[in-house]
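Enquirer: Build me a model from this:
(one chain, ligands or ions: 2)
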Amino acid sequence: MLSLKAANELIWKKFQHIEMGHEQVDILDGLDRIVAEDIVSPVDVPGFSRSMCDGYAVVASDTQGASEDNPVSLSYLGEVPPGVNAAMEVKEGQCAYVSTGSMIPPGADAVIMVERTKQSEEGFIQVSMQMKSGQFMMGQGSDIKAGSLLIERGKKLSAGNIGALVAAGIYKIKVFNRLRFAIIATGDELVDAGQDLLPGKIRDSNSYALQALITKAAGEVVRRVLVKDNRELYKQELENAVKCADVVLISGGCSVGIRDFTAEAINELPGEGVFIHGIEIRPGRPLIVGESMGKPVFGLPGHPVAPVLLFKTVVEELWRRLVACREEADSIIAVVDFDMSPCIFTHLFVQLEKGDDSIIARPAFKGNPTQTSAISRAGGYIWIKDPEKGLCRGQAAKVFVL
Ligand SMILES: Nc1nc2c(c(=O)[nH]1)N[C@H]1C(S)=C(S)[C@@H](COP(=O)(O)OP(=O)(O)OC[C@H]3O[C@@H](n4cnc5c(N)ncnc54)[C@H](O)[C@@H]3O)O[C@H]1N2
Ligand code: MOO
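Expert: Ligands and ions are numbered 1, 2, ... in the order given. Sure, this is the predicted structure:
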């Protein structure tokens with residue numbers, strides 16, 4: 001059976017041809033989207049030298065030897081208010097009042113804080129500190145240089161990026177298109193939200209969990225349907241899904257029971273059909289991956305933890321590669337607070353708690369690790385690469401954050 005890593009490599013090999021289009025969006029709409037081109041600053045930021053304090057713009061060399069006991073007197077030229085083009089030029093022996101953020105007038109090359117100055121006779125300021133050239137001012141382009149790389153293609157646009165882009169005058173950016181998903185939930189036992197829950201029925205929670213994961217990852221769900229265990233209906237819905245979406249996610253029907261039609265239905269679509277059925281992961285072992293019309297079709301086993309885990313470890317992995325994403329999946333290091341003897345599970349959902357000086361990971365499940373409530377409690381999951389060794393209390397572990 002394929003390892004998770006080998007499965008991801010094979011899936012990438014099959015779908016690396018997929019061209020992810022891009023669109024231009026207003027900067028705020030780009031939050032958490034993947035940037036589709038290198039963004040270079042067209043301008044210097046700041047565009048002019050600015051003061052970093054309230055004080056006097058001076059020629060630094062004038063303050064040579066200045067101290068509390070030996071102040072230097074400079075002739076006062078006037079004020080440069082913030083937001084105004086400095087009209088005067090500061091020459092040797094002169095100074096001008098500047099506020100924090102004001103333009104440094106030509107000629108001046110340092111700003112002395114107002115606390116280190118005194119007004120002496122009318123029209124003169126005494127400065128009592130020796131200044132170095134460039135002190136307390138932000139030179140033109142010292143924050144961002146014109147032509148410098150602001151964000152690389154493949155980065156997820158953060159709130160911090162948005163501030164820097166706007167500072168550089170960039171209000172629109174190119175981001176990769178939202179990946180469009182179709183979700184099909186299969187099973188006679190399933191009812192959709194709002195429908196009566198008759199005996200023997202359960203609610204289709206997997207579709208909702210998957211839709212939430214897609215939305216969080218800046219994708220789009222273009223079709224979501226629930227189909228009964230009926231071969232014809234299923235085939236029809238699967239065909240519709242492949243036609244309208246970039247990626248199809250099917251929940252359920254992946255096992256070997258008499259009602260598990262997922263592999264068969266994928267194989268009846270035009271295209272290669274199923275090329276993976278079962279990988280070394282648990283929960284989620286009966287994963288199915290197929291191809292139709294050049295598009296990936298994932299059959300995610302029905303037990304509620306499996307679709308979530310496989311979305312994070314397999315579907316998102318392909319997605320990240322398609323958009324040349326430079327970010328690793330979010331993870332933190334936590335201290336394991338339980339013993340797990342050798343087990344069949346390769347991945348465990350854990351609750352995260354703040355310890356005194358570290359994050360503590362406790363099991364998110366009570367009894368059976370495939371419970372829906374385990375995902376709800378979980379802050380993330382641990383990948384137990386060697387299940388035969390299990391986990392030991394006190395061990396540090398990488399937790400992939402949900
Ligand atoms: N004889 C065997 N039986 C099973 C095996 C096996 O190897 N041999 N593998 C088990 C494993 S592991 C898994 S995982 C499941 C996979 O099952 P399916 O993908 O065929 O899924 P279903 O049978 O349709 O459902 C399993 C379980 O999940 C519930 N479910 C299904 N869809 C949803 C949904 N949309 N929302 C909420 N819950 C859902 C369903 O009612 C079942 O309880 O097979 C094992 N069996
Ligand atoms: O592989 Mo199944 O998802 O353990 O329950």
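Enquirer: So which residues on the chain come close to ligand 2?
Expert: Residues of the chain lying close to ligand 2 (Cβ under 6 Å from any ligand atom) are 282-285, 301, 303, 306, 370. Heads up, the C-betas are built off the backbone N, CA and C, glycines and all.
Enquirer: ChimeraX command to pick out the buried ones of these?
Expert: Buried members of the residues of the chain next to ligand 2, defined by 16 or more other Cβ atoms under 10 Å, are picked up in ChimeraX with:
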select :282,283,284,285,301,303,306,370
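Enquirer: So which of the residues of the chain next to ligand 2 sit within strands?
Expert: With strands taken from DSSP state E, there is no overlap with these.
Enquirer: and which of the residues of the chain next to ligand 2 is nearest ligand 1?
Expert: Nearest to ligand 1 among these: residue 301, at 3.4 Å, using Cβ to the nearest ligand atom.
Enquirer: Just to check, the closest one is in contact with residue 250?
Expert: No - with contact defined as Cβ atoms under 8 Å, residue 301 does not count as touching residue 250 (9.9 Å).
Enquirer: Out of the residues of the chain next to ligand 2, which sit inside helices?
Expert: residue 306 (DSSP state H).
Enquirer: for ligand 1, what are the nearby residues on this protein?
Expert: So the chain meets ligand 1 at 185, 187, 189-190, 202, 204-207, 251-256, 260, 285-286, 301-304, 306 (Cβ under 6 Å from any ligand atom).
Enquirer: PyMOL command to pick out the buried ones of these?
Expert: Only the buried entries of the residues of the chain next to ligand 1 go into this PyMOL selection, using 16+ other Cβ under 10 Å:
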select buried, resi 185+187+190+204+205+206+207+251+252+253+254+255+260+285+286+301+302+303+304+306
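Enquirer: got a list of what the nearest residue to residue 179 once chain neighbours are set aside touches?
Expert: Closest residue in space to residue 179, ignoring its immediate chain neighbours: residue 219 at 4.5 Å, by Cβ to Cβ, 6 or more residues apart in numbering. Each residue near residue 219 by Cβ atoms under 8 Å, 6 or more residues apart in numbering is listed here: 178-181, 319.
Enquirer: quick one, strands of the stretch 201-350 of the chain?
Expert: Secondary structure of the stretch 201-350 of the chain (DSSP state E, counting those that start in this stretch): strands located at 202-203, 220-227, 247-251, 273-277, 279-280, 288-292, 295-300, 331-336, 347-354.
Enquirer: Same list, those strands, but as JSON lines with mean pLDDT please.
Expert: Formatted as JSON lines, the strands of the stretch 201-350 of the chain follow (pLDDT from 0 to 100):
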{"stretch": "strand 202-203", "mean pLDDT": "94"}
{"stretch": "strand 220-227", "mean pLDDT": "96"}
{"stretch": "strand 247-251", "mean pLDDT": "97"}
{"stretch": "strand 273-277", "mean pLDDT": "97"}
{"stretch": "strand 279-280", "mean pLDDT": "96"}
{"stretch": "strand 288-292", "mean pLDDT": "98"}
{"stretch": "strand 295-300", "mean pLDDT": "98"}
{"stretch": "strand 331-336", "mean pLDDT": "96"}
{"stretch": "strand 347-354", "mean pLDDT": "94"}
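Enquirer: What is the neighbour count of the residue of the stretch 1-150 of the chain found nearest ligand 1?
Expert: Of the residues in the stretch 1-150 of the chain, the one nearest ligand 1 is residue 1, at a distance of 11.5 Å by Cβ to the nearest ligand atom. Using other Cβ atoms under 10 Å, residue 1 has 11 neighbouring residues.
Enquirer: Show the contacting residues for the closest residue to ligand 2 within the stretch 1-150 of the chain.
Expert: Closest to ligand 2 within the stretch 1-150 of the chain is residue 1: 11.6 Å, counting by Cβ to the nearest ligand atom. Residue 1 is in contact with 278-280, counting by Cβ under 8 Å, 6+ apart.
Enquirer: if we take these, which one ends up nearest to residue 324?
Expert: residue 279 (24.6 Å; Cβ to Cβ).
Enquirer: what secondary structure does the residue lying closest to residue 123 once chain neighbours are set aside sit in?
Expert: Leaving aside its sequence neighbours, residue 123 sits nearest to residue 76 (Cβ to Cβ, 6+ apart; 5.4 Å). Three-state call for residue 76 (DSSP: H, G, I helix; E, B strand; the rest coil): strand.
Enquirer: measure stretch 194-205 end to end?
Expert: 12 Å (Cα to Cα, to the nearest Å).
Enquirer: residues contacting residue 250?
Expert: With Cβ under 8 Å, 6+ apart, residue 250 has these contacts: 183-186, 238, 262, 288, 297-300.
Enquirer: Ignore what I typed, I meant residue 274.
Expert: So residue 274 contacts 263, 266-267, 288-290, 299 (Cβ under 8 Å, 6+ apart).
Enquirer: got a markdown table for the residues you listed, with neighbour count too?
Expert: Below are the contacts of residue 274 laid out as a markdown table (neighbours: other Cβ atoms under 10 Å):
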| residue | neighbour count |
| --- | --- |
| 263 | 19 |
| 266 | 27 |
| 267 | 14 |
| 288 | 26 |
| 289 | 26 |
| 290 | 27 |
| 299 | 31 |
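Enquirer: Nice, that's everything, thank you.
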